[in-house]
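Visitor: With the sequence up front, the predicted model follows.
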Amino acid sequence: GAGKAGREPAPTAARAPGAAREPGPSGRQASSEAAFRAFIQAVARATGEDPLAITLMLRVFSSGIYGLVAEPLCGEIPRCDRCPFSASCRFVLTRGRGLLPDGRATSAALLTGNPRDIADGDLIAFLLDGRDADSRSTAMVESFLKRVGSFHALVSEALAGRRPDLAGLDADRAARLACAVEIVRRYAEGPRRSGKAFRSAADFYEHFRLRLRDRKQEVFCVAMLDQKLRLIDDQEISAGTLTTTVVHPREVFAPAIQRRAASVALIHNHPSGDPTPSGEDRAITRRLLEAAEITGIGLLDHVIVGDGCFFSFVEKQLL
């Protein structure tokens, strides 16, 4: 009607004479494809290789090929373990540093690299912030670790039955780190929950080493076992310089009698890292052996935990 007839056409922006038209999506795609074909031809001329072979190789890395490589080797998470060029790849050699944001580089190293090469700060920053972790995340974590000492110190606090100090982290990050510490603590006490039998001093060392390794004082523990040498429970008896007055037979055997243990094993650490028994260690062992004979509860062994090593009174024929 009249309304339509009187409607003015929408104004259009004027384009200067000779100005290039802005390419639309289809135009940009065509330009990209042309540049890709030109690149393939240049590589083919330089190498003497068939352009089709070069195209297929690039697709293996960039998008994958149905029926051959379902996922690209250099996709969102690089699959370096399957790449034939990983030995000379800059990404692998630098573990992604400078090529990916920190969190993504850590993710790639965890999945396809060597996790042992990841620094503590980067590892914990990834735990707290995931693939969004950046240099600020790492700096925050390193400042936190400097205050508490180390991640080992946090785990040692948990193994000693104390709540780790997570001050300085917000609630979400503190909860994630507390979760990781709790997982490590449960791993360290795994044999208790699995009912695994203790057949050698090495078994006691493995059960107690994480708990005692970083303790600054000598800590004396007793492990209570049933007739099949399965752990019923363990208990920390004393902490500090060990003497025969501090480690009293009553403190060792009272819980064993209460838990109806068939035998006990004595375990303590040497903060110096040297597990060689002192004269006091030998005296304590003799006194507790006499008490064991009176109570009828067997004294299985006395194991001293050192830095990556241990001493067994039974293996050295001192018990």
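Guide: Alright, I've got the coordinates.

Visitor: residue ranges for the helices of the protein, please.
Guide: Ranges of helices in the chain, per DSSP state H, are 2-5, 25-47, 51-62, 90-93, 102-112, 120-129, 135-148, 151-159, 171-188, 190-194, 201-212, 249-258, 279-295.

Visitor: average pLDDT for stretch 310-319?
Guide: Computed over stretch 310-319, the mean pLDDT rounds to 92.

Visitor: number of nearby residues for the nearest residue in space to Phe151 that is not next to it in sequence?
Guide: Nearest non-adjacent residue to Phe151, counting by C-beta to C-beta, 6 or more residues apart in numbering: Asp120, 5.9 Å away. From N, CA and C alone the C-beta is placed, and that goes for glycine too. By other C-beta atoms under 10 Å, 14 other residues sit near Asp120.

Visitor: Could you pull up the contacting residues of Asp120?
Guide: Leu145, Ser150, Phe151 (C-beta atoms under 8 Å, 6 or more residues apart in numbering).

Visitor: Relative to Ala125, how far out is the first one?
Guide: Read it as Leu145. Leu145 is 10 Å from Ala125, where distance means C-beta to C-beta, to the nearest Å.

Visitor: cool, the last one as well?
Guide: Separation of Phe151 from Ala125 (C-beta to C-beta): 12 Å.

Visitor: Of those two, which one has the most company?
Guide: The neighbour count for Phe151 versus Ala125, taken as other C-beta under 10 Å, is higher for Ala125 (27 against 19).

Visitor: Can you give me the pLDDT of that one?
Guide: According to the prediction, Ala125 has pLDDT 87.

Visitor: I figured it was touching Arg136, is that so?
Guide: No - applying C-beta atoms under 8 Å, one finds Ala125 not in contact with Arg136, separated by 9.0 Å.

Visitor: so who does the residue nearest the centre of the chain touch?
Guide: In the chain, the C-alpha nearest the mean C-alpha coordinate belongs to Leu123, at 7.2 Å (C-alpha atoms, centre = their mean). With contact taken as C-beta under 8 Å, 6+ apart, Leu123 is in contact with Thr106, Pro115.
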